[in-house]
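Asker: A predicted structure for the sequence below; I have some questions about it.
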Amino acid sequence: MCGRYSLASNKEDLTGHFELQTAYTLKPRYNISPSQNCPIITQNKDKTRKLRSMRWGLVPHWSKGLDHKFSLFNARSETIDRKASFKYSFRNRHCLVPADGYYEWVTDRSGKTAHRITIKSEPTFAFAGLWDIWQDQSNAIYSFTILTTPACSQLKSLHHRMPVIINPQHYSTWLANKENGLSEKNDPVFTTSKVGNRVNDPRNDGPDLWLP
């Protein structure tokens, strides 16, 4: 699963890595949590990519509003083509969710310990995402969800699920709403490190959250 992540990469790094045509200056984020507005990447019909701000927690266009039942921050990749909440976006609205790491918690006798997970060779990478627009007569909510998959062998001890990470060479395929951008196997080398308990509170943000 993916319930908290970080993105401290600057505008220049994101523009270069994702070949963005348009971007905006970002504030470093060390503790992004559901319901917050976050940067995601979409692709236009002419294949140019755009950095946009959307709410984390998908609100399907057909729902009655911000009902918690339909504000979904993760989507199981195995069922997105069948679940009513996701199948429209899976067919029509793919996105990349830029990140530089994410968090998982392990519970043992001493309590809950947070672990930060990064990719050794990629300081910036992307989760596979889906997005949608919910609107009424006066409001429009742009929102997204992060896809998850069974955890790889490196990460099973932390959690049985992990976010789907898109290989950079498949960014365009995924953004073009093609499933084979997702099915390509990608097994990066992960680095995990224990961090302090200040990350447990989503109100805390700052580089000190990465300290042991």
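Answerer: Sure, I can see it.

Asker: biggest helix in the protein, by residue count?
Answerer: For the chain, the longest helix by residue count, based on DSSP state H, is helix 11-18.

Asker: what's the spacing between that one and its chain's center?
Answerer: 17 Å (Cα atoms, centre = their mean, to the nearest Å).

Asker: show me what that helix is packed up against.
Answerer: In terms of contacts (3 or more Cβ pairs under 8 Å, 6 or more residues apart in numbering; DSSP states H and E), helix 11-18 is packed against strand 49-56, strand 94-99. Every C-beta, even on glycine, is put in place using the N, C-alpha and C of the backbone.

Asker: what's the angle from it to strand 94-99?
Answerer: With axes from the mean of the first three to the mean of the last three Cα atoms, to 10 degrees applied, the angle from helix 11-18 to strand 94-99 works out at 130 degrees.

Asker: need the contact partners of helix 11-18.
Answerer: Helix 11-18 is contacted from outside by 9, 20, 23-26, 39, 41, 49, 51, 96, 98, 123-124, 126, 168, 171, using Cβ atoms under 8 Å, 6 or more residues apart in numbering.

Asker: where do the helices sit along the chain?
Answerer: Here the chain has its helices, by DSSP H, at 11-18, 87-92, 171-175, 180-183.

Asker: what residues sit buried inside the first one?
Answerer: Residues 14, 15, 17, 18 are the ones in helix 11-18 that count as buried (16 or more other Cβ atoms under 10 Å).

Asker: what angle do strand 49-56 and that helix make with each other?
Answerer: Compare the direction of helix 11-18 with that of strand 49-56 by the same axes, to 10 degrees and you get 110 degrees.
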